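Participant: sharing a sequence plus its predicted fold:
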Amino acid sequence: MAKVGESIENPISGERVVWIETAASSGGELLAADLYLRPGAAVAATHRHLRQEERFRVAAGRVALEIEGERRDLEVGDEATVPAGAAHRWWNSGEGKAAVRVELRPALDTETFFETFFGLARDGKTNSKGIPGLLQIAVAYRELGDSCPELTKPPASMQRILFAVLAPIGRRRGRRAVYASYSPGHRKL
């Protein structure tokens, strides 16, 4: 379970997250983190949050944010909001490190998604973009639901069918949405 002040790192994508507010600390209203990005760091895939609005505020460096195919370049002090359901991706577009305050409303259990995917990346269980295998993704999406960002490809209807078939196979092969080593004390363990 994420705790305010703790940090997690994804060595593959170049992201480090420091929790500012968690689902527990905000009564489920807000998940906030300071996101530190090394040069070249980027979110693993274009995605959307079905029930969450996401805000970005750049504290250092430069970040590019693409929302529904439209690119915005953000510098120190700039803010942008991604409405729930909007396809988006972002990356460090500067030559140095970047720092961004990221807020998701409501919090849902999205911190667990990050803990799991970052933990898998640290343990070498992802591809070169930091994305785990399809069985792992299917289990996480089926068990964490709207707390997981939805990928934009393949189409959502195809993902739902595919994950419904693959999640039971993944669970039988030991995949979990929540791992004690990544989310100690998580209430769903």
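Facilitator: That came in fine, so what should we check first? Worth saying up front: this structure is predicted, and the values here are computed from it rather than measured.
Participant: distance from the chain centre to stretch 167-176, please.
Facilitator: In terms of CA atoms, centre = their mean, to the nearest Å, the centre of stretch 167-176 is found 21 Å from the chain centre.
Participant: so what touches that stretch?
Facilitator: Thr116, Leu135, Gln136, Ala138, Val139, Tyr141, Arg142, Glu143 (CB atoms under 8 Å, 6 or more residues apart in numbering). Where C-beta positions appear, they are placed from N, C-alpha and C, glycine not excepted.
Participant: same check on stretch 46-55?
Facilitator: 66, 79-89, 101-106, 108, 110, 146, 149-153.
Participant: circling back to that earlier point, make TSV from the contacts of stretch 167-176 and add distance to Val18 to it.
Facilitator: Listed next are those as TSV, based on distance: CB to CB, whole Å:
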residue	distance to Val18
Thr116	18
Leu135	30
Gln136	25
Ala138	30
Val139	27
Tyr141	26
Arg142	29
Glu143	26
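Participant: so which of those residues are in helices?
Facilitator: Using DSSP state H, Thr116, Leu135, Gln136, Ala138, Val139, Tyr141, Arg142, Glu143 are the members of the contacts of stretch 167-176 that sit in helices.
Participant: is it true that Val139 touches Val165?
Facilitator: No: the criterion here is CB atoms under 8 Å, and Val139 misses it with Val165 at 11.9 Å.
Participant: for the two, indicate the residue with more neighbours.
Facilitator: Counted by other CB atoms under 10 Å, Val139 and Val165 do not tie: Val139 has more neighbours, with 25 against 10.
Participant: so who does that one touch?
Facilitator: Leu166, Ala167, Gly170, Arg171, Arg175, Arg176, Ala177.
Participant: and for Tyr36?
Facilitator: By CB under 8 Å, 6+ apart, the residues touching Tyr36 are Glu15, Arg16, Val17, Val18, Lys97, Ala98, Ala99.
Participant: now with 10 Å?
Facilitator: Contact partners of Tyr36, counting by CB atoms under 10 Å, 6 or more residues apart in numbering, are 7, 9, 14-18, 59-61, 92, 97-100.
Participant: so for stretch 70-81, mean pLDDT?
Facilitator: Rounded to a whole number, the mean pLDDT of stretch 70-81 is 98.
Participant: my error: substitute stretch 179-189 in the last question.
Facilitator: Mean pLDDT, stretch 179-189: 80.
Participant: could you do stretch 160-167 as well?
Facilitator: 95.
Participant: and that stretch, which residues are buried?
Facilitator: Across stretch 160-167, burial judged by 16 or more other CB atoms under 10 Å covers Phe163, Leu166, Ala167.
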